[in-house]
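*Asks:* model this:
(chains A, B, C and D)
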Number of protein chains: 2
Amino acid sequence: MSLSGIFPIDRWNFTTQSILNILSEEDYQILVDNQSEQKYQKGDVIFREGSVPSGIFLVRSGKIKKYKVDQIGKEQIIYVANKGELIGYHAVLAEERYPDSASALESSSLSFIPKEDFFEVIHRSPSFTQKLLKALSHEFTVLANSISVFAQRTASERLAIALIVLREKYKDDNTAGHEIILNISRTDLANIAGIAQENVIRLLKEFKAEGILQTEGRKIIIKDIKLLIKRANYR
Amino acid sequence: MSLSGIFPIDRWNFTTQSILNILSEEDYQILVDNQSEQKYQKGDVIFREGSVPSGIFLVRSGKIKKYKVDQIGKEQIIYVANKGELIGYHAVLAEERYPDSASALESSSLSFIPKEDFFEVIHRSPSFTQKLLKALSHEFTVLANSISVFAQRTASERLAIALIVLREKYKDDNTAGHEIILNISRTDLANIAGIAQENVIRLLKEFKAEGILQTEGRKIIIKDIKLLIKRANYR
DNA sequence: CTGATAACACGATATTTATCAGTTTTTTAT
DNA sequence: ATAAAAAACTGATAAATATCGTGTTATCAG
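*Replies:* Numbers count the residues shown, from 1 in each chain, chains lettered A, B, ... in the order given. Just a heads-up that it's a prediction; the model follows:
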């Protein structure tokens, strides 16, 4: 089920396109082929806020969280990158240090692309640059959406929205069966929705009672997406 | 006083560059010269969320707020654009409808740039495109900062941060005297910080008692930026 | 398989923040 | 200059959410 069929599309833009979709054959070879792949275990850090980027990363498999940690050690997850997405390229393009950290949400595999290779494609291929500009602009509107969500929505709405977005990201992971299963810790969920972990548990219980989802240990199975959407909209 | 001298720079990136700084002589002429200027009174709407963009706007003078309105009419200000900044170009580049609305925060003057002219410069000038890519990437990190602020900071921290950012934006407005005066309504402040308007008033009173600022009617005069910064950092 | 460790869960309480229902002051328009 | 409207301000109350303490269950390494 496509979300855009249910929602006014501009209000509910929370997903970005895979970078692989905007690469030409030739650019693909330079950027993606011949790049070594590296495995990361759950929790392994890919880069740390404040360090100087030497290249960008392509997510081959798994899921990567981008997050910031505040003074008292609280973590805020800004984005969850999925298979096919690039991470760390904003900092490279802006010629700045990493504004956030990245680590593996689950076992993942990444390709490292040296920034020289990235810039080579940008300089050589105006069409790639323009597609990148478009993708970046879209990502921008996605992020702007998130701000109004965090600033104005209640805890339960934020959690509901987080679950809706994650559902899209976990869609392709479940080879067996037709149900979408989110395999994510309560703590990570709390850090995505920006609420206390205990509150996540209480709200999940509510959602469960309403028939929206089921839980099996840490696994969350979304049973009724329409109800979940109603919960996200609710006021 | 530069903020980056006080803060770890990556944590406190809340301002973006004027687009005029990244334009070559030639590009400037196409984009900016010969464009008609239009006046907007305080509150006048420049474009509305969901409508189709036919071009972009350059802020010649004044201040423009970009905002989203939710189901119950609550407004969230996402960004305040100052003299020299472009607005509406993300939507044009992404080939999407406007994800937010824009209206004048005070009497302002804007130039309209048809999207054809904008695209012409992009196609003609790879250097402009690359500068745009860089600017956009930077804006992205700015926005990512905002998310962690909204998700994790208390009301008083958010207000303090809003005041720090606004102070930078109102810096050049006060021709007379050396103090920086914010001429902004409590309601707009509330909609920037994402808190209730009554709370803004109460918190301003606190800040006043601490010697951080003074008020004169609607005007807010920042007296002690270091204390204000401490308030933003405080925990 | 099993002990250790981390994650999950839950209730009570404290804290923060929003809402409501006003009054006073400031700003705006005539 | 003055009336009308809008914005600023105040206190009381209600609602939402975080924190704390503690028990339980799941997960993982050896």
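*Asks:* use CA for all of it now, contacts and neighbours both
*Replies:* Will do.
*Asks:* got the domain boundaries for chain A?
*Replies:* Using automatic domain parsing, the domain parsing of chain A gives A:9-148, A:154-232.
*Asks:* give the contact list for residue A:134.
*Replies:* Shown in contact with residue A:134 (CA atoms under 8 Å, 6 or more residues apart in numbering or on different chains): B:93-95.
*Asks:* and with 6 Å instead?
*Replies:* Applying CA atoms under 6 Å, 6 or more residues apart in numbering or on different chains, we find residue A:134 in contact with B:93-94.
*Asks:* local confidence estimate at it?
*Replies:* What the model reports for residue A:134 is a pLDDT of 90.
*Asks:* buried residues in whichever helix or strand residue A:198 is part of?
*Replies:* Using DSSP states H and E, residue A:198 sits in helix A:197-209. Under the neighbour-count criterion of 16 or more other CA atoms under 10 Å in any protein chain shown, helix A:197-209 has A:197, A:200, A:203-205, A:207-208 buried.
*Asks:* sorry, back to before: mind putting the domains of chain A in CSV, distance to DNA strand C included?
*Replies:* Shown next, in CSV, are the domains of chain A (distance: least, CA to the nearest atom of the strand, whole Å):
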stretch, distance to DNA strand C
domain A:9-148, 9
domain A:154-232, 3
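*Asks:* in terms of mean pLDDT, which of these ranks lowest?
*Replies:* The bottom spot among these, by mean pLDDT, belongs to domain A:9-148, with a mean of 88.
*Asks:* for residue B:225, see how far away residue A:106 is.
*Replies:* Plainly put, residue A:106 is 43 Å away from residue B:225 if you go by CA to CA, to the nearest Å.
*Asks:* ok, now residue A:116?
*Replies:* The gap separating residue A:116 from residue B:225 is 41 Å, by CA to CA.
*Asks:* which one's more surrounded, these two?
*Replies:* Higher neighbour count among residue A:116 and residue B:225: residue B:225, with 17 against 11, using other CA atoms under 10 Å in any protein chain shown.
*Asks:* name the nearest residue to that one, sequence neighbours excluded.
*Replies:* residue B:212 (6.9 Å; CA to CA, 6 or more residues apart in numbering or on different chains).
*Asks:* so what does the strand or helix carrying residue A:39 touch, helix or strand wise?
*Replies:* Using DSSP H and E, the secondary-structure element containing residue A:39 is strand A:37-40. If contacts are counted by 3 or more CA pairs under 6 Å, 6 or more residues apart in numbering or on different chains; DSSP states H and E, strand A:37-40 sits against strand A:108-114.
*Asks:* partner residues bridging the residue nearest the centre of chain A?
*Replies:* Centroid-nearest residue in chain A: residue A:80, 2.1 Å away (criterion: CA atoms, centre = their mean). Beta bridges link residue A:80 to residue A:65, judged by DSSP bridges.
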